[in-house]
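1. quick one, structure for this:
(chains A and B)
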Amino acid sequence: MEVSAKTEDRFCVVSVLHERIDAAAALEFKEAMRQTTADAPDVVILDLHRVDFIDSSGLGAIVATMKHLTPQRALVLAGLTPAVEKVFKLTRMDSVFSVFGTLDAALTAHRA
Amino acid sequence: MPPLPLIGLNAMQDTGPAPQRALTPFQFSVQSSNLAAREALHRVLDGLSPLALEAEEVSTVELVLAEVLNNIVEHAYPDPAVPGPIHLACRHDVDGLHLQVRDAGLPMPDGQAPLGLAKTVETDVSDLPEGGFGWFLIRDLAKDLTYIRVGQENRLDLRLAVAIGR
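-> Coordinates of the predicted model:
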C-alpha cells in the first residue's frame, strides 16, 4: 500500500496513492499508516482523493487507524470521492470523523 | 447450470418474441482467494457495461458484491489452503439487477443470513466497531434478499435497484 506523507508544524498529510482500500488491502493500509504516522504531530490529515473504492474492511482499517492515533492525535479525513463518502454515510461513520470535502479545505482549516 | 430464462415484461403477453433487454444474462465462476472479490467485481462491472450504469449505481453494485464475496472468502472458505468455487450469475430486468451467488463452502451460521444490524457509533473512539458493517451494507442496499442452503451449496439471491425501467 503506497502512501506519501508531508509534515508541517502542527499536522501531517498522508495521501493514499492506491485506488482501493478493500479487504485485500486493509491490513497493508493499517500497517502503512502505523509506520507513516509513528512520529506524526497532533493532527493527521488522511487524503483520500485518489481512492475510488472502500468496502467494510477498508472502513474498519480507517477506524482502526483513528483508534491507534487517539487520544494523543486526531485523524481528519479529506477528499472523499462519492463512492467512499457513501460508505461513511451509510454506516454513519461520517459523524465520527472530521470530514473535509477537499484537501485544500482541510489544510486551510488546520493552518488557521 | 442451464442459462437463466429471460423474464417477459408481462406474463399475459404470451405471443411474439421475448422483449429485448439491454443486457444478455451472464455467469461465471472464480476460485476463492484473497483477490477473488477484485477479480469477480472486475468481471461483473465489465459485463454490465451495456447498461451504461451511472457512477452511483456502479458504486452500489460494487459495494454489495464486494461484501458478499468477502464474506464467502472469509467465512465459507476460511482455510486459504482449501479454496473453492464461487459462481456468479447476473441478469437485468425492469425492476433492476438480479444477482445469484453460489458457493460450496461452510453454511451461514444457524442456516440464516446475518441480520446486519446497524452498529452504534455514539461511543468513545476506543470502543468504535472496526468490523461487522458488511451485512448491514448488504441489507441496506440490496432488495429481496434470500439465502438457502441446497445440499452442500450456499445460494444467495438478491436484487439491486439499478437500471430500473430499462
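
2. closest to the centroid, which residue in chain A?
-> A:Leu46 (3.1 Å; C-alpha atoms, centre = their mean).

3. that residue is in what secondary structure piece?
-> Assigned by DSSP states H and E, A:Leu46 belongs to strand A:43-47.

4. which residues in chain A form helices?
-> Counting by DSSP state H, chain A has these helices, from start to end: A:26-36, A:56-69, A:82-90, A:103-111.

5. name the residues of the third one that are buried.
-> By neighbour count with 16 or more other C-beta atoms under 10 Å in any protein chain shown, helix A:82-90 contains the buried residues A:83-88, A:90. Every residue, glycine included, has its C-beta placed from N, CA and C.

6. one step back: using TSV, lay out the helices of chain A together with distance to chain B.
-> As requested, the helices of chain A are exported to TSV (distance: least, C-beta to the nearest C-beta, whole Å):
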stretch	distance to chain B
helix A:26-36	10
helix A:56-69	4
helix A:82-90	4
helix A:103-111	19
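
7. including mean pLDDT, could those go into JSON lines?
-> Rendered in JSON lines, the data for those read as follows (pLDDT from 0 to 100):
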{"stretch": "helix A:26-36", "mean pLDDT": "96"}
{"stretch": "helix A:56-69", "mean pLDDT": "96"}
{"stretch": "helix A:82-90", "mean pLDDT": "97"}
{"stretch": "helix A:103-111", "mean pLDDT": "93"}
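
8. any idea which of the ones you listed is most buried?
-> For the helices of chain A, the largest average neighbour count (mean count of other C-beta atoms under 10 Å in any protein chain shown) is found in helix A:56-69, namely a mean of 22.

9. and it, what does it pack against?
-> Judged by 3 or more C-beta pairs under 8 Å, 6 or more residues apart in numbering or on different chains; DSSP states H and E, the packing partners of helix A:56-69 are strand A:20-21, helix A:26-36, strand A:43-47, strand A:74-78, helix A:82-90, helix B:55-71.

10. which other helices and strands contact the shortest one?
-> To tie it back to what came earlier, the one meant is strand A:20-21. If contacts are counted by 3+ C-beta pairs under 8 Å, 6+ apart, strand A:20-21 sits against strand A:53-54, helix A:56-69.

11. the last one versus helix A:82-90: what angle between them?
-> Taking axes from the mean of the first three to the mean of the last three C-alpha atoms, to 10 degrees, one finds that helix A:56-69 is oriented at 70 degrees with respect to helix A:82-90.

12. toward the C-terminus, what is the element adjacent to the helix or strand harbouring B:Leu137?
-> In this structure, B:Leu137 sits in helix B:134-141 according to DSSP H and E. The helix or strand immediately downstream of helix B:134-141 is strand B:143-150, counting by DSSP H and E.

13. coming back round to it: I'd like the helices and strands packed on helix A:56-69 laid out as TSV, including distance to B:Ser126.
-> As requested, those are arranged in TSV below (distance: least, C-beta to C-beta, whole Å):
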stretch	distance to B:Ser126
strand A:20-21	22
helix A:26-36	16
strand A:43-47	17
strand A:74-78	13
helix A:82-90	20
helix B:55-71	25
